[in-house]
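Any chance you can model this:
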Amino acid sequence: MKQASVKERVCRNCKRIVSDDTCDVCGSTNLASTYQGLLIVLKPESSEIATLLKIKKEGYYAVKVK
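Numbers count the residues shown, from 1 in each chain. As a prediction, this is how the structure comes out:
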């Protein structure tokens, strides 16, 4: 299990790793500091994993949020 750095947190709704107080994908403020796994999406439109997880914006995502 990875502990996010002080600036890095994970959105509990869409699992996006963010450094602000709100998620830039869904706008949620429901953030966690602990997560497992890391998914880096570069081209969501051509990624089967991104399609399966309904990820539409490139970036860093957690696999599991605590």
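
And for the residue nearest to Asp24 when sequence neighbours are not counted, the neighbour number?
Nearest residue to Asp24, sequence neighbours excluded (Cβ to Cβ, 6 or more residues apart in numbering): Val18, at 6.1 Å. C-beta coordinates here come from the backbone N, C-alpha and C atoms, glycine included. Residues near Val18, counting by other Cβ atoms under 10 Å, number 20.

what about the strands in the protein?
2-3, 9-11, 17-18, 31-32, 34-41, 59-65 (DSSP state E).

so the residue nearest to Asp24 touches Cys26, yeah?
No. The criterion here is Cβ atoms under 8 Å, and Val18 misses it with Cys26 at 10.2 Å.

Please identify every residue contacting each of these two.
Cys11 (Cβ atoms under 8 Å, 6 or more residues apart in numbering).

Least confident of the strands of the chain, on average?
Sorting the strands of the chain by mean pLDDT places strand 2-3 lowest, at a mean of 64.

Fine by me, thanks again.
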